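S.K.: Below is the structure, and that's it, no one-letter string:
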């Protein structure tokens, strides 16, 4: 939680209002040498434009000026948590994403099956992207054969070459460096304790790697593994506990489902496409206080560096805006978890446009939902982790503070 | 460092990019009864105007709303340090400025030679601005004659009537009040411990003052001294350690050279004027990752309350902007360490215009580099100590945070 997370908890009350978050992943953009405006500026977005004129607009700073937030911190911030202090490893997020039930004795890492040559150098960081079935077989093999004595071990497949490994015992610590060198032609790195308290855990991790290497050595493709994103699981307060919100997650990627699951939201079954995601939204809307609706097309096209495709993704999403409005939520938030400018082909640190639509939103001068128009917005530029309190306030779900 | 200073350290990487800070000291201004605009607004600045239109603009808050920052805190903030928690005494800054090598056992104060009358009342706080030569003679005299037993003492001339005194012993503390009453017609104040831990040190300071007063009593002009800006030296992380930046300081005043020296920057030899300062910049640009270029004319004219002279200083500096651009730095920052409105004849708390030019800067609606146009800027209003992280981000020198 943020510094005043406990205050928000104290002030939160229940009522009949409904809050809807529509998160367009990586929505913020940047002009390029060939494009004089950002993706949002060059997209035709009549519905977002209209909505922005009857909303409070602004810009969210995901994790501090200049900090490029990963999806984990980006989403923790949207849900009201300080993204720096609440940061947990990718392993924990992936585990939550596959609904693996973690305990406070668990240290988790995300793993890749990989291919090494005779000298031990990595030649394929993803072992030729082995099938889910192969992945499952290998995880089962490692799970059955590896023995770490007093440490209980779980190796669970995620997707393709990706898996998680869970080390369970009291006294384990998660501050451990990655073994994935993030490039080929080199050997995997040795795990290192980033905090002296983790040195015993590192020994267990090394033992796991050694035994796994031996077991995998007879495999043709996946003859090695790398680990990254170590972290120790801890309990997070749920959306219900902190905000008194019965919450639903409508996201299809494991990472986002993972974050929502850690925060105790109900997780909707995966929907095959965006239309069916909106169908699910309409079906479930009446039974929840808070719904998180997440789409990824804006981030994927940005990561691909495909400016035109990102513009098209935005235009397509714009056509769904009227369906959000038709539900008449008391508070409708439209924003992203971070920027993903096509110009950078990656997440970036740039603030993210945000729109808050509510009967009680102060109207401002913003005429469009763009990075620059939102500078005129009533919300100003604010830390993303303050958005949740603003949403509760506009839903009249926060009591007055003090006499 | 800021709260997330350690995070920035973790995320910082090296690459070939170059960051250039051009600091116009005290650049922010204010309209007056006779001038309808600020100094920046009334100055003709075609080059700054053009540059602002292809940059992200904004306003820096040096040390918090309403806080008038001194040059020390102002510059610590620009270099990414929290100006409140990183604040150190003027003594330490002056010592660093004359390249006196401090240790962590040192408490330092800045001193003035002064003139008192027969009753002990101060008649001249600067002892008639004695010469550097006189200063040197007197410092040598005090250094040789004063004996503080277990405390090692260094009295070193700075310039004119100004000197530093260094008390060296383990267990000394720097939280001591000034003896300089900042006015004439009164006696110097007795030093007081602002924290009980400093009471032993205060005794040593009193002993120093008593012995010095006796030694100086036969002098005609400098027959007394006052001390202010006490502080204990501590090690700061260098620009290299924190940001992985090989850094050069191109500043001619001891105070700024002092700050840079504390942060481990290379200090360029003093240049006689602004043209030669820019010559040095062009010569050294290729061999550094980060260059801090500081000019003082905007502050001096503001302190003088000379509105017209400040406008002229700005117009003169504007003619150098194209030389900065010609170097093609990956990130060019133009700003100040605080405002110095001619209307106030002193530093002020008003936010300071800032411009960030980079290929990855989000363009905004600011048409000029002025206090009001910068309000339209993409950077918004932000703490000055966040500027360094933003600069590193735009230079692509910060890794993504979290998965």
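M.R.: Okay, I see it. Just so you know, these numbers come straight off a predicted model, no measurement behind them.
S.K.: what residues does the stretch 51-200 of chain A put near chain B?
M.R.: By C-beta under 8 Å from any C-beta of the partner chain, the residues of the stretch 51-200 of chain A that approach chain B are A:59, A:63-74, A:83-84, A:87, A:89-90, A:93, A:110. C-beta here means a position set from N, CA and C on the backbone, and glycine is covered the same way.
S.K.: just checking, which of the residues you listed belong to strands?
M.R.: Among those, the residues falling in strands (DSSP state E) are A:59, A:110.
S.K.: all helices in the stretch 251-400 of chain A, in order from the N-terminus.
M.R.: A:254-262, A:274-284, A:297-303, A:307-318, A:321-326, A:387-394 (DSSP state H, counting those that start in this stretch).
S.K.: For the ones you listed, state which one has the densest average packing.
M.R.: With neighbours defined as mean count of other C-beta atoms under 10 Å in any protein chain shown, the helices of the stretch 251-400 of chain A peak in mean count at helix A:254-262, which reaches a mean of 25.
S.K.: And chain B, is that one touching that?
M.R.: Yes. Applying C-beta under 8 Å from any C-beta, one finds helix A:254-262 touching chain B at residue A:255.
S.K.: how deep is residue A:47 tucked in, by neighbour count?
M.R.: 19 (other C-beta atoms under 10 Å in any protein chain shown).
S.K.: so it touches residue A:321, yeah?
M.R.: Yes. Using C-beta atoms under 8 Å, residue A:47 is in contact with residue A:321, at 3.8 Å.
S.K.: Give me the below-cutoff pLDDT ranges for chain A.
M.R.: Scanning chain A with the threshold set as pLDDT under 70 gives A:1-4.
S.K.: Just the strands from it, written as ranges.
M.R.: A:19-24, A:56-61, A:106-116, A:122-124, A:152-159, A:162-168, A:224-232, A:247-250, A:266-267, A:290-295, A:331-335, A:352-358, A:380-383.
S.K.: Adding mean neighbour count, write those strands out as JSON lines.
M.R.: Shown next, in JSON lines, are the strands of chain A (neighbours: other C-beta atoms under 10 Å in any protein chain shown):
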{"stretch": "strand A:19-24", "mean neighbour count": "24"}
{"stretch": "strand A:56-61", "mean neighbour count": "26"}
{"stretch": "strand A:106-116", "mean neighbour count": "26"}
{"stretch": "strand A:122-124", "mean neighbour count": "19"}
{"stretch": "strand A:152-159", "mean neighbour count": "18"}
{"stretch": "strand A:162-168", "mean neighbour count": "23"}
{"stretch": "strand A:224-232", "mean neighbour count": "24"}
{"stretch": "strand A:247-250", "mean neighbour count": "24"}
{"stretch": "strand A:266-267", "mean neighbour count": "17"}
{"stretch": "strand A:290-295", "mean neighbour count": "25"}
{"stretch": "strand A:331-335", "mean neighbour count": "24"}
{"stretch": "strand A:352-358", "mean neighbour count": "25"}
{"stretch": "strand A:380-383", "mean neighbour count": "17"}
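S.K.: Format the ones you listed as CSV; extra columns: distance to residue B:231.
M.R.: Formatted as CSV, the strands of chain A follow (distance: least, C-beta to C-beta, whole Å):
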stretch, distance to residue B:231
strand A:19-24, 48
strand A:56-61, 34
strand A:106-116, 44
strand A:122-124, 52
strand A:152-159, 54
strand A:162-168, 48
strand A:224-232, 40
strand A:247-250, 51
strand A:266-267, 56
strand A:290-295, 50
strand A:331-335, 45
strand A:352-358, 41
strand A:380-383, 33
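S.K.: With respect to residue B:196, which of these lies nearest?
M.R.: For residue B:196, the closest of the strands of chain A is strand A:380-383, at 38.3 Å, according to C-beta to C-beta.
S.K.: Residue A:219 contacts residue A:141, doesn't it?
M.R.: No. With contact defined as C-beta under 8 Å, residue A:219 does not count as touching residue A:141 (9.1 Å).
S.K.: Residues contacting stretch A:297-311, please?
M.R.: A:24-27, A:29, A:32, A:34-35, A:39, A:42-43, A:274, A:312-314, A:316-317, A:336, A:339-346 (C-beta atoms under 8 Å, 6 or more residues apart in numbering or on different chains).
S.K.: Span of that stretch from start to end?
M.R.: Taking C-alpha to C-alpha, to the nearest Å, stretch A:297-311 runs 10 Å from one end to the other.
S.K.: Next: stretch A:141-151.
M.R.: Rule used - C-alpha to C-alpha; the end-to-end distance of stretch A:141-151 is 17 Å.
S.K.: Can you pull the phi/psi pair for residue A:65?
M.R.: phi -50, psi 130 (degrees, to the nearest 10).
S.K.: So residue A:155 versus chain B, what's the distance?
M.R.: To chain B, residue A:155 is 19 Å away according to C-beta to the nearest C-beta, to the nearest Å.
S.K.: Give the bridge partners for that residue, please.
M.R.: Residues in a beta bridge with residue A:155, per DSSP bridges, are residue A:165.
S.K.: OK, contacts around it?
M.R.: By C-beta under 8 Å, 6+ apart, the neighbours of residue A:155 are A:111, A:139-140, A:142-143, A:146, A:163-166.
S.K.: so who does the residue of the stretch 151-300 of chain A found nearest chain B touch?
M.R.: In the stretch 151-300 of chain A, the residue that lies nearest chain B is residue A:229 (5.4 Å; C-beta to the nearest C-beta). Shown in contact with residue A:229 (C-beta under 8 Å, 6+ apart): A:89-91, A:93-94, A:109-110, A:178, B:403.
S.K.: doesn't residue A:162 make contact with residue A:110?
M.R.: Yes. Here residue A:110 lies in contact with residue A:162, judged by C-beta under 8 Å, at a distance of 6.8 Å.
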